[in-house]
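[1] Attaching a predicted model along with its sequence, questions to come.
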Amino acid sequence: MRVETLCRYPVKSMLGETVDRLFVDERGAEGDRRLALLDTATGHVASAKQARLWRGLLQCTARGEGGGVSIALPDGTRVAADDPAADELLSRLLGRAVRLISRRGPGATVERPDPEQLLDLGLDAEVAGIVLEIGKATPGESFTDDAPLHAITTATLQHIGVEALRYRPNLVIATPPDYPPYDENVWAGAVLTVGEAQLRVIEATPRCVVPTLEHGALPPAPQALRTPGAENRFRTSGSDARRPCTGAYLEVVGPGVIVPGDPVIWSPAGG
């Protein structure tokens with residue numbers, strides 16, 4: 001196995017960028033999810049998991065630029081994240097008052113309606129769900145959900161038939177032609193040596209509705225949730241239900257730089 005692609009997402013729930021090197025440490029990937037939008041009405045962090053309100057974020061692209069972050073809006077307008085005009089432009093686009101924040105405060109939360117109900121009832125339906133505290137597994141102030149890093153294999157992507165960016169991974173891992181899909185399930189507890197870094201696999205990644213949504217010019221892809229929902233359900237931490245899973249959550253046990261082409265050396269738990 002080798003690293004095919006490295007990705008980071010400077011603003012939570014916006015499209016991100018591929019990079020030619022990625023430094024990772026216990027806080028995750030450098031420059032990844034370091035900014036987010038705060039809904040000033042509810043106090044929740046804006047996340048496309050709540051598609052009714054925030055799927056428009058997936059029409060915006062955030063990139064690291066000159067030590068800061070540049071945001072491209074759907075109409076082609078570009079604005080620096082630290083520009084005082086950014087909050088107004090994004091509030092107008094999303095139809096809600098928001099402000100960009102750079103620090104995850106204690107108890108930061110997102111709304112997560114049941115994703116399979118959203119597919120059945122429609123993205124604008126009032127679907128029951130839960131409020132999740134984010135970042136509990138990630139030291140520092142970034143806006144990751146449940147783990148510092150996320151990886152997925154080309155075998156899983158090819159089997160489901162969707163683009164990697166729908167699952168918002170940090171690492172896309174190229175696998176041999178005969179490699180089984182969903183094998184990330186059995187990696188839990190293993191340590192992956194990737195370039196200079198060592199990454200411990202926490203568990204399979206439960207999926208929300210985000211992979212099914214429009215991503216920029218990409219159309220909706222309901223199979224991104226329905227296929228693993230039919231084939232690959234697991235009970236993950238914090239849930240009593242078996243949820244559709246693809247990919248794996250990771251934590252960094254040895255910091256370092258990763259570049260595309262680096263071999264991925266898998267050591268089993270306890271090995």
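    Right, received. Where do you want to start?
[2] Any idea how many residues pack against the residue lying closest to residue 9 once chain neighbours are set aside?
    Take residue 9 and drop its neighbours on the chain: the residue closest to it by CB to CB, 6 or more residues apart in numbering is residue 16, 3.4 Å away. Every residue, glycine included, has its C-beta placed from N, CA and C. Using other CB atoms under 10 Å, residue 16 has 22 neighbouring residues.
[3] got a list of what residue 16 touches?
    7-10, 32, 61-63, 165, 168 (CB atoms under 8 Å, 6 or more residues apart in numbering).
[4] cool, residue 108 as well?
    Contacts of residue 108 by CB under 8 Å, 6+ apart are 45, 133-135, 143.
[5] redo that, cut-off 6 Å
    Contacts for residue 108 were tallied using CB atoms under 6 Å, 6 or more residues apart in numbering; they are 45, 134.
[6] swap in residue 172?
    Here residue 172 is in contact with 4-5, 164 (criterion: CB under 6 Å, 6+ apart).
[7] 8 Å instead?
    Counted by CB under 8 Å, 6+ apart, residue 172 has contacts 3-7, 151-154, 157, 164.
[8] Could you do residue 91 as well?
    With CB under 8 Å, 6+ apart, residue 91 has these contacts: 97-98.
[9] hang on, the earlier thing: which pLDDT does the model give the residue nearest to residue 9?
    Residue 16 is assigned 97 on the pLDDT scale.
[10] Please apply the same query to residue 145.
    pLDDT, residue 145: 89.
[11] now swap in residue 77 and tell me
    95.
[12] Could you find the closest non-adjacent residue to it?
    Per CB to CB, 6+ apart, closest to residue 77 is residue 89, 6.7 Å.
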